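Trainee: Next input, structure requested:
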Amino acid sequence: MRTTARKILIGLCLAPIALGLPALAQQMPKSTTEQLKGTPSVKTEQLAGTVIFSEGNRLVLRMSTGDLRTFEVPEGRTALVDGKNVTVDELKPGTKLAATVTVTTTPITERTTTVGSGKVWFVAGNNVILTLPNGENRMYKVKDSYKFTVEGQEATVRDLRKGMVIAAQKIVEEPRTEVGSNTVVTGHAPPPPPVRKTEVARTLSPPKPVPVAAPAPTPTPTPAPVAAPAVGAEPAPVELPKTGSPLPLFGLAGLLMMCASLALHLRDS
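Mentor: Below is the predicted model of the structure:
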């Protein structure tokens with residue numbers, strides 16, 4: 001008894017699942033996306049300028065028109081300068097740059113197609129509510145020109161009735177533009193500054209050794225020459241040395257006076 005009751009209970013529980021299998025087997029809405037490319041257009045532009053300043057990825061150029069323009073150079077972009085690839089921070093002021101910019105514009109239509117089926121649950125004007133295979137009700141707003149498939153026949157939204165099983169296909173197209181650019185930059189570095197002739201001579205000729213001067217001989221002192229007295233000029237009085245004394249003169253004068261007195265005495269006698 002208990003086994004039979006258990007089998008009946010299990011059968012009652014599985015019955016709704018079995019009844020729902022046909023609905024779940026119906027196709028749920030599936031979307032596919034494809035890109036339809038149009039005819040691309042190519043535009044080539046030539047740019048030329050002289051480097052004024054560079055720092056990091058920022059580059060300032062004086063264009064051939066005389067205007068100053070600032071460029072944000074992408075990371076890793078190089079320029080072919082005198083046959084060598086250099087980065088932005090290696091560009092020196094005065095470098096001549098020429099760029100060929102090729103821009104390719106391609107129109108693209110992105111088409112999304114959704115295919116699904118359902119049962120009409122409600123319809124009013126252009127609004128339709130469908131019951132999807134998973135039991136979900138979803139509302140759609142349909143254009144008058146849209147075509148449904150009902151039992152292999154095409155039908156508009158005006159032909160739908162409650163309970164109809166329909167198949168629908170929804171196509172959405174969104175135009176967009178794909179732009180690709182390719183930039184080739186070449187240039188020439190500024191010439192080195194001119195070298196002066198004196199610098200060239202210094203570079204080519206080795207420095208001359210500096211002679212070491214021999215010690216000068218010690219000069220022998222020579223007596224100063226005595227100037228001869230000029231003709232007709234009175235001789236300069238001879239000055240006594242500062243160490244001389246007037247006492248000998250006084251003695252000589254006294255001696256002369258004594259001699260004079262003795263001579264007078266002898267004459268009178």
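Trainee: Could you list the low-confidence segments of the chain?
Mentor: 1-27, 195-251, 265, 267-269 (pLDDT under 70).
Trainee: Now do the domain split for it, please.
Mentor: 42-105+180-188, 109-179 (automatic domain parsing).
Trainee: quick one: which of those domains is nearest residue 33?
Mentor: Between residue 33 and the domains of the chain, the tightest spacing by C-beta to C-beta is seen for domain 109-179, at 4.9 Å. C-beta here means a position set from N, CA and C on the backbone, and glycine is covered the same way.
Trainee: Could you pull out the helices in the stretch 101-250 of the chain for me?
Mentor: Listed from the start of the chain, the stretch 101-250 of the chain has helices (DSSP state H, counting those that start in this stretch) covering 197-204, 247-268.
Trainee: just to revisit the earlier point, output the domains of the chain in CSV; the columns should cover distance to residue 29 and mean neighbour count.
Mentor: CSV is the format used below for the domains of the chain (distance: least, C-beta to C-beta, whole Å; neighbours: other C-beta atoms under 10 Å):
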stretch, distance to residue 29, mean neighbour count
domain 42-105+180-188, 34, 14
domain 109-179, 3, 14
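Trainee: can I get those in JSON lines with distance to residue 258?
Mentor: As requested, the domains of the chain are exported to JSON lines (distance: least, C-beta to C-beta, whole Å):
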{"stretch": "domain 42-105+180-188", "distance to residue 258": "115"}
{"stretch": "domain 109-179", "distance to residue 258": "147"}
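Trainee: So which of those is nearest residue 194?
Mentor: For the domains of the chain, proximity to residue 194 was assessed by C-beta to C-beta; domain 42-105+180-188 is nearest, at 14.3 Å.
Trainee: who wins for proximity to residue 30 among the domains of the chain?
Mentor: For the domains of the chain, proximity to residue 30 was assessed by C-beta to C-beta; domain 109-179 is nearest, at 5.8 Å.
Trainee: I'd like to know how far the closest residue to residue 147 other than its chain neighbours sits from residue 49.
Mentor: Closest residue to residue 147 apart from its sequence neighbours, by C-beta to C-beta, 6 or more residues apart in numbering: residue 154 at 4.7 Å. To residue 49, residue 154 is 64 Å away according to C-beta to C-beta, to the nearest Å.
Trainee: again, but for residue 105
Mentor: Between residue 105 and residue 49 the computed distance is 25 Å (C-beta to C-beta).
Trainee: just residue 182 next, same as before
Mentor: Relative to residue 49, and taking C-beta to C-beta, residue 182 is found at 19 Å.
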